[in-house]
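>>> below are the sequence and a predicted model for it; my questions follow.
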Amino acid sequence: MMKRWQAVKRLLPLMAMFALVLSGCGREDLSVLRPQGPVAQGQLDLIKLSISVMLVVMVVVFGIATYVLIKFRRKKGQDEIPEQVEGNHKLEIIWTAIPLLLVLVLAIPTIQKVFAYGENDWNNPEAVKVEVTSHQFWWEFNYPDYGVRTAQELVVPVGKKIAFQLKTNDVLHSFWVPSLGGKMDTNTEGSVNYMTLVADKADTYIGKCAELCGPSHGFMEFRVKAVDDAAFDKWVAAFSEPAVLPADTALAEKFKTNCLSCHAVGDQGGAMGPNLTGIGSRETIASILLNDISGKPGTKPTKDNLVEWLMEPQAVKPGNTMPNPKDLGFSDEEIEQIADYLANYKLDY
Amino acid sequence: MAHAHAHSHSAKRYTGIMDWLTTVDHKKIGILYLIAGGLFFGIGGIEAILIRLQLIKPMNDLVSAQVFNELITMHGTTMIFLGVMPVIFAIMNAVIPLQIGARDVAFPFLNSLGFWTFLFGGLLLNLSWIMGGAPDAGWTSYTPLSTNDYSSTHGVDFYTIGLQIAGLGTLIGGINFLATIITMRAPGMSFMRMPMFTWTAFITSAMILFAFPAVTVGLVLLSFDRLLGANFFDVAAGGSPVLWQHIFWIFGHPEVYILILPAFGIISEVVPTFSRKRLFGYSSMVFATILIAFLGFMVWAHHMFTTGLGPVANALFAIATMLIAVPTGIKIFNWLFTMWGGQIRFTSANLFAIGFVPTFVMGGVTGVMLGAAPADYQFHDTYFVVAHFHYVIVGGLVFGLFAGLHYWWPKMFGRMLNETLGKWTFWLFAIGFHMTFFVQHFLGLLGMQRRIVSYLPHQNFDELNFISTIGSILMGIGVLAFLVNVVITARKPVGAPDDPWEDGRTLEWSIPSPPPEYNFKQIPLVRGLDAFWKEKMAGNKEMTPAEPLGPIHMPSPSILPFVMSLGLFIGGLGFMFSTEDFSNSFMSLIFNKYIVLIVGLLITFGAMIARSVHDDPGYHIEVEELEGEGKA
């Protein structure tokens, strides 16, 4: 009994470290280790189970290795030939059978969860449907049931199943919101994917592209904003209101002829670029310049970010397809004005 | 040289650089592989350090995003195909014929051809850096990113054509070693008496035979898409990008085992020698090796858990993946119990071998964790995966290669590497390695995806990335220590004893270091596993010969393999630039009209015809010469 307690005591610091690693690590809105929804939670449970099983294996292997390396060093003057052992059936059966057992322990929940997370909720009437289309290097979110087509910032109701349909417009990308659940590739037409996520509480979560997609792959982030039901309905309503254009009519005209050939605001414009409706309420510009409305570290005022982006898009996101506004004939002053207009284009929800 | 004695025929033998260009001697080809592999390993290492320096702090701008993608692509491709593969082939060439008691490989001419195609393929790939941009779609080159629409430089063409030519060399090498091990074992060496390294080389060669055709097909399809306007991976024309992923990983996953099995073999030689014990559970080791190879072909889709193959496929591939842990575990315990009850010596070779065991276990357990598909949805394409495969490939394979190089260096070069520097190499490399990659597990879990040129601050990534970069520099210093060791050792006179570690167990330790060009004056008779150890224990100083002393037939050197490979290199360049718009009319004439391609192929086929019509009977080393050398 005493001996067993000794072993536990020896393992305690290890377990404490383990607990520390798994508890406080990383940002709540980003880390796999701090799940904010049932999918991420279930996946983290599996990760914890596998780490535990593997730690057992490692303790055994490292233990034997340490013992052997201390006990069986060749000593000075040691010259006799050690016994040449061919093998040992009993031992060999043990270290075949126990790993098989451990694999079984891991395999059962793995299979359960593969099927659980493989379920397709696209036709589930309870779920909120979102078509995700990835582009180099931005995300398009279309809500077929609400007639809303937004970009970069996904707004979802808390606690509801969100059924995603994932596809790409160009190269392969991968849709990943670590704190809500694992990733799924966005493939080309013909191999469209489906996935379901749920956010347990109202917050904004960081999403990332997880498949190499070109120079700005690392900058292809997005946000998932989980809000309560009432706010979600309000957001849908606000989004569907007619476009707000710059007050200055000359500028509005210039904005319409240049920007709206690709972008859209409200009911006007095209769909080749990210939809800009209510961009002033979003937490990022171009997904990589952080706006101060989020209250998170490393941010700048939305307008400053917009100016930085519009002055030279290639410097912010190399390889993106947005033309440089200056090449389109916008002066520095006009860029300031556009930035000002966009920064104040907010949705109330 | 003055060796040309009059037997039935004499052959021209070269000296100096021509000797190296024409050699068909497996020992020299091994050295060539080592030099070339070392060169590419160095290039890949510099790329790695640049990657790490770029990531040392958030939003760093040491390199541009485009250059960064070229660096990661070339780092992966170079290390896998041109760095570690050739060093494996170097050791296989240097050791396998000696271990099985043969005078050379089955096809010495092919052996040379395999080396030169690999080298020219590798050079072609690396030329991309100075010819308009390196490939930038990752070493996996997923379509559509790697198609003309999204990768408009010739980078990916260098990738497809360069790897095609280099892969040809690997395939040739694999077939050669299969034939050698099946047909050329010394009398008495049954399959179950083969040294473990020979076994793993045998299984690896078999895997090469089945895996490389897949990548050959894939590269042909991709180069046809890019250069001839085919539509294999073009969705709009009915192709499928997911098809590329399947083809790539049907090759790519076995490739991982092609790499690691020889390292298992090396550990299985080094650990017994320096424990003075026979390998524990030899037959279960053989069985485990074969099982790993078999399962290695059954798990490719675990690289595609997030591709969306559906739950049935994901579940099956998850279980198959976890099962690999069982034979791998058998190996780990066998090594530990080989040391149990032995007398362990901590030479630098053995330090690397012992260091291999826990490091590889750490890579192995994260492998099982990755196999749990729903957990992999989180791990996939993050730094967790980067950490995992570096633990396996660097902590496993590269440790194994260092162990093997330190162990067989005296046999290859007749000189012992400096032990003190060897230990410095180990500690610097091992500590640097764990610093670099251990923290990357956590980076992945904290949300850092792989292949990103930079990251924003305030994501808890900064410190861990900094530690990782410092570690990579330590690893670099470790490699430099090894290079210094090589240079110092090369300046010492040849003089290593036949059995420099004193406890050599296999046939290579029964002959001089370095061995004469014919290896064995008389082919030895093998009376059991660990043939040389068995003789030593019976009180014999030498192996019992299985044949009387007689003239030894040797293959002639030939420049043709070099010429054939050069032709492929020229043809490859010609094919690659056949669609290029040149402003120069001469250039467009020779490239766009396929003249360069045709010239290259003519050179290759011409050399093949020359090889076929020229009767080359080789030459003999006469008994007097053998005896003369014996006395000297």
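That came in fine, so what should we check first?

>>> residues from the stretch 1-150 of chain B in reach of chain A?
B:64-66, B:68-69, B:137-138, B:142, B:144-145, B:149-150 (Cβ under 8 Å from any Cβ of the partner chain). In short, each C-beta sits where N, CA and C put it, glycine included.

>>> which of the residues you listed fall in helices?
B:65-66, B:68-69 (DSSP state H).

>>> tell me the one of the residues you listed nearest chain A?
Nearest to chain A out of those is residue B:65 (Cβ to the nearest Cβ; 3.6 Å).

>>> report the buried members of the ones in helices among the residues of the stretch 1-150 of chain B next to chain A.
For those, a burial check counting by 16 or more other Cβ atoms under 10 Å in any protein chain shown picks out B:65-66, B:68-69.

>>> how many neighbours does whatever residue of the stretch 201-349 of chain A ends up closest to chain B have?
As assessed by Cβ to the nearest Cβ, chain B sits closest to residue A:218 within the stretch 201-349 of chain A, at 2.8 Å. For residue A:218, the count of nearby residues is 25 (other Cβ atoms under 10 Å in any protein chain shown).

>>> same question for the one 3 residues further on.
Applying other Cβ under 10 Å, we find 21 residues neighbouring residue A:221.

>>> what's it in contact with, if anything?
Applying Cβ atoms under 8 Å, 6 or more residues apart in numbering or on different chains, we find residue A:221 in contact with A:206-209, A:284, A:287-288.

>>> now with 6 Å, please.
Going by Cβ atoms under 6 Å, 6 or more residues apart in numbering or on different chains, residue A:221 touches A:208, A:287.

>>> phi, psi for whichever residue of chain B sits closest to chain A please.
Using Cβ to the nearest Cβ, residue B:377 is the residue of chain B that sits closest to chain A, at 2.2 Å. Backbone geometry at residue B:377, expressed as degrees, to the nearest 10, gives phi -60, psi -30.

>>> ok, it - how many residues close by?
Going by other Cβ under 10 Å, the residues that sit close to residue B:377 add up to 26.

>>> who touches it in this structure?
So residue B:377 contacts A:182-183, B:306 (Cβ under 6 Å, 6+ apart).

>>> any chance of these in a markdown table, with pLDDT and distance to residue B:287 too?
Shown next, in a markdown table, are those (pLDDT from 0 to 100; distance: Cβ to Cβ, whole Å):
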| residue | pLDDT | distance to residue B:287 |
| --- | --- | --- |
| A:182 | 97 | 36 |
| A:183 | 97 | 37 |
| B:306 | 97 | 34 |
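
>>> buried ones only from those, please, as a PyMOL command.
Typed into PyMOL, the line below selects the buried ones among the contacts of residue B:377, using 16+ other Cβ under 10 Å:
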select buried, (chain A and resi 182+183) or (chain B and resi 306)
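
>>> can you lay out the contacts of residue B:377 as JSON lines showing distance to residue B:394 and secondary structure?
Formatted as JSON lines, the contacts of residue B:377 follow (distance: Cβ to Cβ, whole Å; DSSP: H, G, I helix; E, B strand; the rest coil):
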{"residue": "A:182", "distance to residue B:394": "26", "secondary structure": "strand"}
{"residue": "A:183", "distance to residue B:394": "26", "secondary structure": "strand"}
{"residue": "B:306", "distance to residue B:394": "25", "secondary structure": "coil"}
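
>>> pull the number of nearby residues for the nearest residue to residue B:215 once chain neighbours are set aside.
Counting by Cβ to Cβ, 6 or more residues apart in numbering or on different chains, residue B:215 lies nearest to residue B:251, which is 3.7 Å off, once chain neighbours are set aside. Neighbour count of residue B:251, defined by other Cβ under 10 Å: 22.

>>> residue B:208 is in contact with residue B:251, correct?
No - assessed by Cβ atoms under 6 Å, residue B:251 is found out of contact with residue B:208, at 10.1 Å.

>>> and whatever residue of the stretch 1-150 of chain A ends up closest to chain B, what does it touch?
Relative to chain B, the nearest point of the stretch 1-150 of chain A is residue A:118 (3.3 Å; Cβ to the nearest Cβ). For residue A:118, the contact set (Cβ under 6 Å, 6+ apart) comprises residue B:311.

>>> now with 8 Å, please.
Counting by Cβ under 8 Å, 6+ apart, residue A:118 has contacts B:310-311, B:314.

>>> residue B:293 too?
B:203-204, B:206-207, B:254, B:257, B:261.
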